[in-house]
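**Student:** any chance you can model this:
(2 chains)
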Amino acid sequence: MLQLLADGLIVGSVIALGAIGVTLTYSILRFANFGHGEFLTWGAYFALTALGGFLAMSGGGAMTPIGPFSFGWPLLAALVVAAAMTAVLAVALDWALFRRLRRHGNAIVLVIASFGAALALRNLLQFVYGAIPEYYTREIQIAIRLVPRDVMGGMRITPDQIFVLGLTAVCVVAVHLFLTRTTLGRAMRATAENPQLARVAGIDVEGIVRLTWILGAVLATIAGVFAGLTGQLRPMLGFDLLLPLFAAAILGGIGSVYGAVLGGLIVGLAESLAVPLIGAEYRAAMAFVVIIAILLVKPTGLFGSAAR
Amino acid sequence: MTAALAVEALEAGYEPGLPIVRGASLAVESGEIVAILGPNGAGKSTLIKAIAGLVPVSAGRVRLGEADITATPAHRKIREGLGFVPQTENVFAGLTVEDNLDLAASLLRVPKKARMAETYALFPDLARQRRLLAGALSGGQRQMLAVARALIVGPRVLMLDEPSAGLSPKLVGLVFEKLAEIRRTGVTIVLVEQNARAALALADRAAILVEGKERLVGPAAALASDPQVAALYLGHGRRGAA
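**Tutor:** Take a look at the predicted model:
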């Protein structure tokens, strides 16, 4: 039982970080971006490329792990480079596609365009990187037993998974502080609430739109790298997470960052806890169950407002 | 002397080829209050929104002092000195009163502490409610916050779209008293109003807009006492209607 909770929290961390991007995009740009999952995939693969570059520059050897982790400094540096590259990709996609469509003000067109963009991005990635699963590191990690087996089945967790949980918490706190304590963050909240008033209040709404793409892309990259670090890199990595991302955003209340985080953790836990009941092959169906349940019981989500 | 705000043969509308404002012209001198009145659908709000940069302009010019701001994006007009208070949804309801003011001051990098103190001195109610979410304020308090948010950055010209909309007569009086007080600080005011009597009592001059173009412009007192104007455009016999 405890092991399932731990597994659920780790999966939930990845979903939560991705769902923040989905909910931010929705609240600022007013459309559901079904291409967001591809930012996770591209972020993860950009990190793989950057990692390869750093390792090649350092002599071509394997990276020396930091302490108990399976990865070294090159992966952390690669994460930063990948976040920047994914941000550029997201801003370029907005410039080439969404910005033009936004002028017509039809959200449905934007949603359909995001489906198209997702297909194009996924296939381009498969063309560039191939379909064979990749790994950041092939270091074998020994899970640490945190809870003895006789206490609710016990709990073991790898240092990498602890890193994922810790960095997720740091990211969530950072996003919270950004949105509540900085002028740019408050300008983002103001734009999400009322773009027209934001304009006359002196907020550069187009700048805020770019910032939204950048922030969403950075968090998606972190989520993608986490997914790769605790599993493997596949071209379908982001697509497979798309439904949980939207389930988390809807559960938390579309537009609510804190709701997206809580929603992500709940969806992760629901998927994990469902494994003994329905089997691992059907765990992804839990995201559907969560979406249906929340739409029936509280369509505005946990933290959403009816007005949005 | 250069007008504080000059609108020259302005055409504007939401859809290309369908102008709502059709060649409107207006000159507002520094320090005066000008009311824009007219029947429903005359294009009053569209005119003021076009000046603010929220509605596309297809022809004509808008000048703020010497500067041509016709094509200036809305978010830069406030930096040029043109403030605008929309009619509805004119505060950020999800932010506190203080955050509404602080955000405006921070964006325009004005001396925050001094401006906040001045603003709270002008609107003491807001000082008491600074920690409240703006969405929790009453209609009148929201209107005060909206005006305060626009004022804190020190605009030369302040435009208001129907500041009395939805307010009780007592609150309308309070809002208009506050506008008179603001004018005494040297701010030029342009207001679009449905409440013609209150607006003419406050304004120095007024323009009556009909079908997107000014039909009459003159001293507010003269327009208020003109029975033909009252009958045709100001809802003669209907208190407060335009």
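**Student:** neighbours of the nearest residue to residue A:94 once chain neighbours are set aside, just the number please.
**Tutor:** Excluding the flanking residues, the one nearest residue A:94 by CB to CB, 6 or more residues apart in numbering or on different chains is residue A:213, at 5.3 Å. For glycine as for every other residue, the C-beta is placed from the backbone atoms N, C-alpha and C. Counted with other CB atoms under 10 Å in any protein chain shown, the neighbours of residue A:213 add up to 27.
**Student:** how far does whichever strand or helix holds residue A:188 sit from the chain's center?
**Tutor:** Per DSSP states H and E: residue A:188 is located in helix A:183-193. Its chain's C-alpha centre and that of helix A:183-193 lie 21 Å apart, by CA atoms, centre = their mean, to the nearest Å.
**Student:** and that helix, what other elements does it pack with?
**Tutor:** helix A:2-29, helix A:159-181, helix A:195-200, helix A:205-230, helix B:97-107 (3 or more CB pairs under 8 Å, 6 or more residues apart in numbering or on different chains; DSSP states H and E).
**Student:** so which of those helices gets nearest residue B:165?
**Tutor:** Of all the helices and strands packed on helix A:183-193, it is helix A:195-200 that lies closest to residue B:165, at 15.4 Å by CB to CB.
**Student:** and the contacts of the closest one?
**Tutor:** By CB atoms under 8 Å, 6 or more residues apart in numbering or on different chains, the residues outside helix A:195-200 that reach it are A:187, A:190-191, A:205, A:208, B:52-54, B:73-75, B:77-78, B:83-84, B:86, B:89-92, B:150.
**Student:** tell me the mean pLDDT over it?
**Tutor:** On average, the pLDDT along helix A:195-200 is 94.
**Student:** can I get it as CSV, trimmed to CA atoms?
**Tutor:** Extracted as CSV, the C-alpha positions of helix A:195-200 are listed here (Å, rounded to 0.1, in the frame of the first residue of the first chain):
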residue,chain,number,x,y,z
PRO,A,195,-6.9,40.6,-20.9
GLN,A,196,-8.6,43.9,-22.0
LEU,A,197,-8.2,45.5,-18.6
ALA,A,198,-4.6,44.2,-18.5
ARG,A,199,-3.9,46.1,-21.7
VAL,A,200,-5.1,49.5,-20.4
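**Student:** run through the chain and note the low-pLDDT ranges.
**Tutor:** Here I'm looking at chain A. Across chain A, the stretches falling below the confidence threshold (pLDDT under 70) are A:60-62, A:305-308.
**Student:** chain B is the one I meant
**Tutor:** For chain B, the ranges with pLDDT under 70 are B:1, B:232-242.
**Student:** need the residue closest to the centroid of it.
**Tutor:** For chain B, the residue nearest the mean C-alpha position is residue B:160 (1.6 Å; CA atoms, centre = their mean).
**Student:** the helix or strand hosting that residue pairs with which strands?
**Tutor:** Using DSSP H and E, residue B:160 sits in strand B:157-161. Sheet pairing of strand B:157-161 (DSSP bridges) gives strand B:82-85 (parallel), strand B:188-192 (parallel).
**Student:** put together a markdown table for those, with distance to residue B:165 on each row.
**Tutor:** Below are the strands paired with strand B:157-161 laid out as a markdown table (distance: least, CB to CB, whole Å):
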| stretch | distance to residue B:165 |
| --- | --- |
| strand B:82-85 | 11 |
| strand B:188-192 | 10 |
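**Student:** now render those strands as JSON lines, adding mean neighbour count.
**Tutor:** Shown next, in JSON lines, are the strands paired with strand B:157-161 (neighbours: other CB atoms under 10 Å in any protein chain shown):
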{"stretch": "strand B:82-85", "mean neighbour count": "27"}
{"stretch": "strand B:188-192", "mean neighbour count": "26"}
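**Student:** got the residues of chain B near chain A?
**Tutor:** Residues of chain B found near chain A (CB under 8 Å from any CB of the partner chain) are B:52-54, B:73-75, B:77-79, B:83-84, B:86, B:89-95, B:99, B:102-104, B:106-108, B:149-150, B:153.
**Student:** which PyMOL command selects the buried ones in those residues?
**Tutor:** In PyMOL syntax, the buried subset of those is picked out as below (16 or more other CB atoms under 10 Å in any protein chain shown):
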select buried, chain B and resi 52+53+54+74+75+77+78+83+84+86+90+91+92+93+94+95+99+102+103+104+106+107+108+149+150+153
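**Student:** isn't residue B:126 right up against residue B:142?
**Tutor:** No: between residue B:126 and residue B:142 there is no contact under CB atoms under 8 Å: 10.3 Å.
**Student:** contact partners of stretch B:106-113?
**Tutor:** By CB under 8 Å, 6+ apart, stretch B:106-113 touches A:183, A:186-187, A:201-203, B:78-79, B:102, B:105, B:152-154.
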